[in-house]
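K.L.:
Provided below are the primary sequence and the corresponding predicted coordinates.
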Amino acid sequence: PQASELAASKDLFQTTTLGITQFLATGMTVNAGFTGTKTSSNSSFSLLNPSLTAALNFSVTQPLFRGCGVFLNRAPILIARINRQVARDRFEQSLTATLQSVQNQYWDTVNARETLVVARNSLELAETFYKRDKRSLELGALPPLDIFRSEADVANRKVAVTSAEYQLKEQEDALRRLISADIDPDVRALPLELTDTAATTDVAFPAPEEAVQVSFRKRPELTQLHRQQTIYETSERVSLNELKPNMSIAANYSSNGLGGDNLITGVLVPGGFNDALRQTFGFGSPTYGFTVSLSLPLRNHQAAADVVDSEINLKRNIYSQRSLEQQIALDVRTALNSLEQSRLNIVGAISARDLAKKTVEAEQRKYELGSGQVNFVLDAQQRLTDAENQLLQAMIGYRKAVISVQRATGTLLDENHVVLQQAIGG
């Protein structure tokens with residue numbers, strides 16, 4: 001039981017609220033809202049029953065120190081965009097390494113194919129010499145024991161051909177795996193047609209210092225660190241801002257309206273929500289205010305720790321950039337030196353191959369005239385095979401050296417007409 005009629009009353013509230021909040025780049029927060037309330041009561045003291053109220057509210061809050069400024073409030077977006085670019089650089093780095101692996105494997109396969117050609121030519125030369133010795137033996141111009149040396153040489157070169165054939169199969173399988181041609185059995189069974197040969201053409205590259213500068217602009221690893229430096233600098237500015245006082249100014253304005261059925265001296269005067277809306281949007285009963293708030297951070301350990309972390313990351317990143325620049329410069333110079341060495345190796349190998357050919361011809365001529373020995377002929381043939389293999393290795397080494405220079409200078413994708421955006425899109 002209640003002690004009075006006023007205390008015994010019951011109220012029913014029905015509220016509808018609509019609002020919108022907009023955060024601006026300067027840190028300002030703008031709020032706009034509308035509230036409508038219907039109140040029903042069984043109290044005899046209520047003037048309006050049910051009473052209908054409407055309120056239109058506007059407020060603006062602008063921080064002055066902490067969280068103030070376009071840069072600070074756009075920092076998360078800036079960091080997200082840079083992280084996306086860093087991910088793109090990492091993909092470029094991975095794509096470059098993959099392309100280099102595929103190209104090196106391609107030239108390894110060409111090397112195996114050309115090695116097989118050299119082995120077959122060597123076998124053919126040995127068989128030709130063996131047939132000549134066999135004919136000489138039949139005519140009685142060759143001692144019976146001398147035929148065994150050329151016959152054994154033919155057998156050894158057949159072994160070399162067999163080994164080269166299976167080495168070629170292994171290299172082809174490795175190349176199929178890298179280009180994903182080993183997944184489908186029908187595709188895996190198709191032969192590989194390598195259109196390039198080991199023959200080289202001279203490739204021009206810039207001077208070492210100029211190549212180093214090109215690599216500083218093109219290498220994605222160094223670009224990543226530059227972008228990471230921007231992220232750390234941004235994070236440091238945000239962390240330093242968190243140590244500032246939290247001072248803000250705010251202004252608010254509201255317009256109110258009231259409506260409902262009114263009981264005057266026993267006469268019911270009807271009213272409704274339209275009355276409340278008319279008063280609200282007529283701005284006849286405004287309420288407005290202005291506030292200033294200040295909060296001083298005495299011990300913001302988290303913000304101070306974030307500042308220290310950012311400073312450490314900045315210094316570590318600077319040292320990483322310096323170390324990477326030194327490593328890139330060393331890679332470029334090493335690659336250029338290897339390229340020059342490969343070029344000279346080709347010149348020397350060609351000269352050695354030509355001299356080996358002349359030696360074979362000379363030994364065969366002396367053997368045919370009876371002044372030479374079969375051992376000298378076979379040794380000369382073997383030296384010719386070795387010289388041809390040496391020339392082949394020099395040419396393949398030059399091809400790989402070109403790839404290494406392009407990789408070191410960061411131009412491998414451009415030289416092979418690989419468009420990164422198309423690679424990302426698949």
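P.N.:
Received the coordinates, thanks.

K.L.:
who touches the residue nearest to D196 when sequence neighbours are not counted in this structure?
P.N.:
Leaving aside its chain neighbours, D196 sits nearest to V110 (6.2 Å; criterion: Cβ to Cβ, 6 or more residues apart in numbering). Quick note: C-beta positions are derived from backbone N, CA and C, even for glycine. Counting by Cβ atoms under 8 Å, 6 or more residues apart in numbering, V110 makes contact with 194, 196-198, 396.

K.L.:
mind checking which of those land in strands?
P.N.:
Secondary structure defined by DSSP state E assigns none of these to strands.

K.L.:
out of these, who's nearest N57?
P.N.:
D196 (75.5 Å; Cβ to Cβ).

K.L.:
other SSEs contacting whatever helix or strand F13 lives in?
P.N.:
With elements taken from DSSP states H and E, the one containing F13 is strand 11-23. Strand 11-23 is packed against strand 29-41, with contacts defined by 3 or more Cβ pairs under 8 Å, 6 or more residues apart in numbering; DSSP states H and E.

K.L.:
for the strand it packs on, which residues meet the burial criterion?
P.N.:
By 16 or more other Cβ atoms under 10 Å, the buried positions in strand 29-41 come out as 29, 35-39, 41.

K.L.:
helices or strands up against the helix or strand following that strand?
P.N.:
With elements assigned by DSSP H and E, the helix or strand that comes after strand 29-41 is strand 48-63. Applying 3+ Cβ pairs under 8 Å, 6+ apart, one finds that strand 48-63 makes contact with strand 29-41, strand 246-264, helix 273-282.

K.L.:
need these in a markdown table (columns: mean pLDDT and distance to D414).
P.N.:
Listed next are these as a markdown table, based on pLDDT from 0 to 100; distance: least, Cβ to Cβ, whole Å:
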| stretch | mean pLDDT | distance to D414 |
| --- | --- | --- |
| strand 29-41 | 86 | 48 |
| strand 246-264 | 83 | 51 |
| helix 273-282 | 82 | 64 |
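
K.L.:
now distance to Q326 too, for these, in a markdown table please.
P.N.:
A markdown table is the format used below for the helices and strands packed on strand 48-63 (distance: least, Cβ to Cβ, whole Å):
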| stretch | distance to Q326 |
| --- | --- |
| strand 29-41 | 49 |
| strand 246-264 | 45 |
| helix 273-282 | 71 |
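
K.L.:
strands paired with the strand holding F13, and their directions?
P.N.:
Strand 11-23 has the following strand partners under DSSP bridges: strand 29-41 (antiparallel).

K.L.:
for the chain, give me the ranges with low pLDDT.
P.N.:
The chain contains residues with pLDDT under 70 at 1-11, 42-49, 141-142, 145-146, 261-271, 371-372, 422-426.

K.L.:
need the residue closest to the centroid of the chain.
P.N.:
Centroid-nearest residue in the chain: F91, 1.8 Å away (criterion: Cα atoms, centre = their mean).

K.L.:
so it versus G69, what's the distance?
P.N.:
Distance, F91 to G69, by Cβ to Cβ, to the nearest Å: 33 Å.

K.L.:
follow-up on the earlier one: buried subset of the contacts of V110 as a ChimeraX selection?
P.N.:
Remark: buried members of the contacts of V110, expressed as a ChimeraX selection using 16+ other Cβ under 10 Å:
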select :198,396
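
K.L.:
among the contacts of V110, which lie within helices?
P.N.:
Of the positions in those, I396 sit in helices, assigned by DSSP state H.

K.L.:
I'd say Q167 and T115 touch.
P.N.:
Yes. Counting by Cβ atoms under 8 Å, Q167 touches T115, with 7.1 Å between them.

K.L.:
out of those two, which sits in the busier spot?
P.N.:
Shown here are Q167 and T115; by other Cβ atoms under 10 Å, T115 has more neighbours (24 against 18).

K.L.:
residues touching the closest residue to the more buried one other than its chain neighbours, list them.
P.N.:
If the residues on either side of it in the chain are set aside, T115 comes closest to A164, at 5.1 Å by Cβ to Cβ, 6+ apart. Applying Cβ under 8 Å, 6+ apart, one finds that A164 lies in contact with 112, 115-116, 119-120.

K.L.:
looking at the buried residues of strand 29-41, which is nearest T359?
P.N.:
T29 (90.7 Å).

K.L.:
OK, contacts around A401?
P.N.:
With the criterion set at Cβ under 8 Å, 6+ apart, A401 makes contact with 335, 338-339, 341-342.

K.L.:
please convert the buried members of those residues into ChimeraX selection syntax.
P.N.:
Buried residues within these, by 16+ other Cβ under 10 Å, are selected in ChimeraX with:
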select :335,338,339,342
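
K.L.:
and of the contacts of A401, the nearest to I82?
P.N.:
Looking across the contacts of A401 and measuring by Cβ to Cβ, the closest to I82 is A335, at 30.0 Å.

K.L.:
can you pull the contacts of the closest one?
P.N.:
Contacts of A335 (Cβ under 8 Å, 6+ apart): 401, 404-405, 407-409.

K.L.:
with distance to G289 added, can I get those in CSV?
P.N.:
Compiled in CSV, the contacts of A335 are given as follows (distance: Cβ to Cβ, whole Å):
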residue, distance to G289
A401, 77
S404, 72
V405, 71
R407, 67
A408, 67
T409, 66
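
K.L.:
between those residues, which is closest to A251?
P.N.:
T409 (59.5 Å).

K.L.:
next one: that closest one from S59, what distance?
P.N.:
According to Cβ to Cβ, T409 and S59 sit 58 Å apart.

K.L.:
out of the two, which sits in the busier spot?
P.N.:
Applying other Cβ under 10 Å to T409 and S59 shows that T409 carries more neighbours, namely 27 against 18.

K.L.:
distance of D275 from G36?
P.N.:
Distance from D275 to G36, by Cβ to Cβ: 12 Å.

K.L.:
spit out the residues that contact these two alike.
P.N.:
Contacts common to D275 and G36, judged by Cβ under 8 Å, 6+ apart, are L52.

K.L.:
buried sites along the helix or strand hosting A152?
P.N.:
For A152, the element it lies in under DSSP H and E is helix 147-178. By 16+ other Cβ under 10 Å, the buried positions in helix 147-178 come out as 147, 150, 153-154, 157, 160-161, 164, 167-168, 171-172, 175-176, 178.

K.L.:
could you identify the most distant pair in the residues you listed?
P.N.:
Most distant of these, by Cβ to Cβ, are I147 and L178, 47.3 Å apart.
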